[in-house]
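K.L.:
3D model of this:
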Amino acid sequence: MERRHIILLLVNLALIGGFGVLFIGRRNYEFILYVAVIVVLLGVVAASVRKVGYSFDALIGLTVWSAMHLAGGGVPVGDGRLYDVILVRLTDAYEILRYDQVVHVWGFGACTLVAQSLLARALREPAAHRVAIGFVLIMAGLGMGALNEVVEFIAAEIVPDSGVGGYENTALDLCADLVGAIAGLIYIRVRGL
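P.N.:
This is a model prediction of the structure:
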């Protein structure tokens, strides 16, 4: 691993350790489960970093996402938590724009960068395939978002008072995931990754 990878690994371990202790102390089983998922994903990325050659942008994106996610469940705001905060009310019909949705946009934008890293060798196609490649990358980012919703469903089933939300929350999360995946593709194209 390069020095910059080790620094990101240490940042992630500090986040996991600090928030892990916090969640254990609070008996926040939902986020203890999320810490375990982050540990597994960190292990997968660390074990494959040399072989895959993740862009450093993707790795920073994942690290920031991890920090945002853990802070969302660990930082209290009023009677709730950071995840519940409406940053800007964009509509009266839905709770948009919540911190949770910003985390989804960021996270699945980062996942789209990861998908690009995973598929980089296969994607060295002529420019005529840019639309098809863009579609595949957006669907990969969105697919990871759908997997995240499965994890949230499992958390809600294991921890009944998890605060994950119902159908509307899942639908808004998936919309945010799509926005993030599209933003990730735009970032990839602008940066020439």
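K.L.:
For stretch 82-94, which residues meet the burial criterion?
P.N.:
For stretch 82-94, burial by neighbour count (16 or more other CB atoms under 10 Å) applies to Leu82, Tyr83, Asp84, Val85. Quick note: C-beta positions are derived from backbone N, CA and C, even for glycine.
K.L.:
who does the worst-scoring helix or strand of the chain on mean pLDDT touch, helix- and strand-wise?
P.N.:
Taking mean pLDDT, DSSP states H and E as the measure, the chain has helix 130-158 as its least confident helix or strand, at a mean of 83. The helices and strands touching helix 130-158, judged by 3 or more CB pairs under 8 Å, 6 or more residues apart in numbering; DSSP states H and E, are helix 29-52, helix 99-119, helix 167-191.
K.L.:
Serialize the buried residues of stretch 82-94 to a markdown table and add fields for distance to Asp57, pLDDT and secondary structure.
P.N.:
Compiled in a markdown table, the buried residues of stretch 82-94 are given as follows (distance: CB to CB, whole Å; pLDDT from 0 to 100; DSSP: H, G, I helix; E, B strand; the rest coil):
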| residue | distance to Asp57 | pLDDT | secondary structure |
| --- | --- | --- | --- |
| Leu82 | 25 | 94 | helix |
| Tyr83 | 25 | 88 | helix |
| Asp84 | 30 | 87 | helix |
| Val85 | 27 | 91 | coil |
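K.L.:
mind putting the residues you listed in TSV, distance to Gly61 included?
P.N.:
Shown next, in TSV, are those (distance: CB to CB, whole Å):
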residue	distance to Gly61
Leu82	19
Tyr83	19
Asp84	24
Val85	22
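K.L.:
Can you tell me which of these is closest to Arg130?
P.N.:
The closest of these to Arg130 turns out to be Tyr83 (CB to CB; 36.0 Å).
K.L.:
So what does the residue lying closest to that closest one once chain neighbours are set aside look like in phi/psi?
P.N.:
Setting aside the residues directly before and after it, Tyr83 is nearest to Gly72 in space (CB to CB, 6 or more residues apart in numbering), at 3.9 Å. Backbone geometry at Gly72, expressed as degrees, to the nearest 10, gives phi -60, psi -40.
K.L.:
who's in contact with Gly72?
P.N.:
Neighbour list for Gly72: Arg81, Leu82, Tyr83, Tyr99, Asp100, Val103 [criterion: CB atoms under 8 Å, 6 or more residues apart in numbering].
K.L.:
Turn the residues you listed into JSON lines, columns for distance to Ala156.
P.N.:
Output for these, formatted as JSON lines (distance: CB to CB, whole Å):
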{"residue": "Arg81", "distance to Ala156": "16"}
{"residue": "Leu82", "distance to Ala156": "19"}
{"residue": "Tyr83", "distance to Ala156": "14"}
{"residue": "Tyr99", "distance to Ala156": "19"}
{"residue": "Asp100", "distance to Ala156": "14"}
{"residue": "Val103", "distance to Ala156": "17"}
